[in-house]
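> Can you look at this prediction? I've put the sequence above it.
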Amino acid sequence: MTSHAAEHHDEHHHGPEKGLKRWLFATNHKDIGTMYLVFALAMFFVGGAMAFVIRAELFQPGLQFVDPGFFNQMTTMHALFMIFGGVMPAFVGLANWMIPLQVGAPDMALPRMNNWSFWILPFAFTMLFSTLFMDGGAPAGGWTLYPPLVLQTGNAFPFVILSVHMMGISSIMGSINVIVTIMNMRAPGMTMLKMPLFTWTWLITAYLLILAMPVLAAAVTMLLTDHYAATSFFNAAGGGDPVMFQHIFWFFGHPEVYIMILPAFGVISEIIPTFARKKLFGYSAMVYATASIAFLSFIVWAHHMFTVGMPLSGELFFMFATMLIAVPTGVKVFNWVSTMWRGSMTFETPMLFAVAFVFLFTIGGFSGLMLAIVPADFQYHDTYFVVAHFHYVLVPGAVFGIMAGVYYWLPKWSGNMYNEKLGKLHFWLSTIFVNVTFFPQHFLGLAGMPRRIPDYATQFADFNLISSIGAFVFGLSQLLFVYIIWQCVRGGTKATDEVWEGSHGLEWTLPSPAPYHSFELPPTVR
């Protein structure tokens, strides 16, 4: 019997692979999507524990809990774990689950590569985490890895670089898979401009990843050769320029922040029409806005560097280009609000997260506009105002987008309905305390408190106290999220076929129905 026939024979007798083998050799997009999501959740908690260290140290002035060097390692590792271990794999998990279902494909185009792109990640993050225990410790130069600061890491340095390369390889392979699946495996009749918006945002994100990740790889490789091969790319003593590193890094770093938010835009664009019971307002405008944001993200990188001493013409260019991104982003917010306008809205947990996303992400957008203004940025740069800005974009933005997507699709994935009361409780705890955590940081920044410091002057004590309390309650309330998911996956009320329409008995018995054309399907005649 050939090996192939033997495999078939075994499978015929023993059914599909069970236990560990099912996950280790998974080629099914749903299994791989689940692994990505579970891994991302674990990394959120690791990154969250690091944030707890940071906020505990800043709870009051004076050095309390940790050594300043370790504090700096925590700020670096917290960001690397949250960005590359939390947000990005979570979105790849959503992509794996939903893209084949949305385009009518039987699976992802390259299932074995899909498996590999996932299994690289646990090894990359184990290696990154292990640097905390090595001689010299993890990098303490911030997640941006700026030289010469980051080169003082010691023996852990090459391990950090290798783990970053592995994360990049995983992202690029995942992106290739997404692009090939969407381009080659759409169901007959599904043209590009009929694709669901989540699929569109991921297609654009995948191109961003393929363009941006190699730039990061180049930057960290040059750091490595500066450290070990006596090159002088960023070493001023050998004729290099540390500012060149910033240019290369942020050419990756700015598209990266859009990589983390565009799929969330897609999720929100799926949820709002469902719970407003209307078609998405301005579908094609949303697609073009997403593509515009992606294009503009590559020409604004130096707005992170207004204080390096660039020429006035450079400052003006990057200022205007950055302000321009507000236009397509504004189109998106307008379209979401217009979709809700006069819709027959109900506020289940996914919709609550989606509405909070629109409102709180907009706050992050406005503070971003403030940071785009050169003379103002001179004041804000490297203060807690910047920390407040990007956390508003990333937590009530990207993370709420992920949570909204999980609540929205969980009944579809598991066949069970989650506990709606607990879901709403999780929403309110998260929304209230994310604001308690990050809103005071705007005031800290405007008052002049620098980022990445373990101690501060007493005038900043009150807002730091509030921020730390918010962070601890927000972090602990995420345990409720885990419990809700666990309870839902274990069992519970069975979800109906039309989970968000049918299970609420709302679709055709609304007291004041929306106009005829706003429904996707005609009513069934009994």
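Structure's in. What do you need?

> Spit out the contact partners of G401.
Residues near G401 by C-beta atoms under 8 Å, 6 or more residues apart in numbering: 261, 263-265, 267-268, 353, 357. Every residue, glycine included, has its C-beta placed from N, CA and C.

> does it belong to a helix or a strand, and which?
Using DSSP states H and E, G401 maps to helix 400-414.

> before we move on, back to that, which ones among the contacts of G401 are found in helices?
When DSSP state H defines the helices, the subset of the contacts of G401 inside them is 263-265, 267-268, 353, 357.

> CSV for those residues, including distance to L316, neighbour count and pLDDT?
Below are the ones in helices among the contacts of G401 laid out as CSV (distance: C-beta to C-beta, whole Å; neighbours: other C-beta atoms under 10 Å; pLDDT from 0 to 100):
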residue, distance to L316, neighbour count, pLDDT
P263, 32, 28, 98
A264, 31, 29, 98
F265, 29, 28, 98
V267, 36, 30, 98
I268, 33, 30, 98
F353, 38, 28, 98
F357, 32, 26, 98
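
> what two of the residues you listed are the furthest from one another?
Maximum pairwise distance in the ones in helices among the contacts of G401, criterion C-beta to C-beta, is 14.4 Å, between P263 and F353.

> any low-confidence regions in this protein?
Across the chain, the ranges flagged by pLDDT under 70 are 1-17, 501-526.

> Hmm, I268 is touching V358, no?
Yes: under the criterion of C-beta atoms under 8 Å, I268 makes contact with V358 at 6.9 Å.

> For the two, list the residues in contact with both.
In contact with both I268 and V358: W336, using C-beta under 8 Å, 6+ apart.

> helices or strands next to the next helix or strand after the helix holding G401 in the packing?
With elements assigned by DSSP H and E, the helix or strand that comes after helix 400-414 is helix 420-446. Judged by 3 or more C-beta pairs under 8 Å, 6 or more residues apart in numbering; DSSP states H and E, the packing partners of helix 420-446 are helix 349-372, helix 384-393, helix 400-414, helix 461-490.

> would a markdown table of those with distance to A229 be doable?
Listed next are the helices and strands packed on helix 420-446 as a markdown table, based on distance: least, C-beta to C-beta, whole Å:
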| stretch | distance to A229 |
| --- | --- |
| helix 349-372 | 37 |
| helix 384-393 | 34 |
| helix 400-414 | 40 |
| helix 461-490 | 41 |
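
> Which one, of the ones you listed, ends up nearest to L429?
Short answer: helix 461-490, nearest of these by C-beta to C-beta, at 3.8 Å.

> Tell me the helices and strands packed up against the closest one.
Looks like helix 461-490 contacts helix 29-57, helix 400-414, helix 420-446 (3+ C-beta pairs under 8 Å, 6+ apart).

> Can you tell me which of those helices is packed in deepest?
Most buried of the helices and strands packed on helix 461-490, by mean neighbour count (mean count of other C-beta atoms under 10 Å): helix 400-414, with a mean of 23.

> Of the helices and strands packed on helix 420-446, give the one that comes closest to M82.
helix 384-393 (10.0 Å).

> quick one, the closest one and helix 349-372 angle?
150 degrees (axes from the mean of the first three to the mean of the last three C-alpha atoms, to 10 degrees).

> Outside of helix 384-393 itself, list whatever touches it.
In contact with helix 384-393 (C-beta under 8 Å, 6+ apart) are residues 257, 261, 360-361, 363-365, 367-368, 370-371, 380, 437-439, 441-442, 444-446, 449-451.

> and what of stretch 130-148?
Here stretch 130-148 has contacts from 69-70, 72-73, 75-77, 79-80, 83, 128, 149-150, 152-157, 159-160, 163, 219-220, 223, 226, 234-235, 242, 245-246, 249, 253, 452, using C-beta under 8 Å, 6+ apart.

> now, which of those residues lie within helices?
Applying DSSP H to those, the entries found in helices are 69-70, 72-73, 75-77, 79-80, 128, 157, 159-160, 163, 219-220, 223, 226, 242, 245-246, 249, 253.

> Now restrict these to buried residues only.
Buried by 16 or more other C-beta atoms under 10 Å: 70, 72-73, 75-77, 79-80, 128, 157, 159-160, 163, 219-220, 223, 226, 242, 245-246, 249, 253, out of those.

> tally of neighbours for M310?
Per other C-beta atoms under 10 Å, the neighbour tally for M310 reads 16.

> Repeat that for T274.
Around T274 there are 19 residues (other C-beta under 10 Å).

> by contact count, what packs against the helix or strand that contains it?
Using DSSP H and E, the element containing T274 is helix 262-276. Helices and strands touching helix 262-276, as assessed by 3+ C-beta pairs under 8 Å, 6+ apart, comprise helix 88-103, helix 197-228, helix 283-296, helix 312-340, helix 349-372, helix 400-414, helix 499-502.

> hmm, 6 Å instead?
Where contact means 3 or more C-beta pairs under 6 Å, 6 or more residues apart in numbering; DSSP states H and E, helix 262-276 is packed against helix 197-228, helix 312-340, helix 349-372, helix 400-414.

> on that earlier part again, just how off-centre is the helix holding G401 within its chain?
Here the centre of mass of C-alpha atoms in helix 400-414, compared against the chain's by C-alpha atoms, centre = their mean, to the nearest Å, lies 15 Å away.

> Now A218: closest residue in space that isn't a chain neighbour?
Ranked by C-beta to C-beta, 6 or more residues apart in numbering and with sequence neighbours excluded, the top spatial neighbour of A218 is I248, at 6.5 Å.

> Next one: the one you found from H254, what distance?
12 Å (C-beta to C-beta, to the nearest Å).

> With M108 instead?
For M108, the distance to H254 - C-beta to C-beta - is 28 Å.

> more crowded one of the two?
Between M108 and H254, counting by other C-beta under 10 Å, M108 is the more crowded of the two (26 against 22).

> Helix, strand or coil: sort out that one for me.
Following DSSP: H, G, I helix; E, B strand; the rest coil, M108 is assigned to coil.
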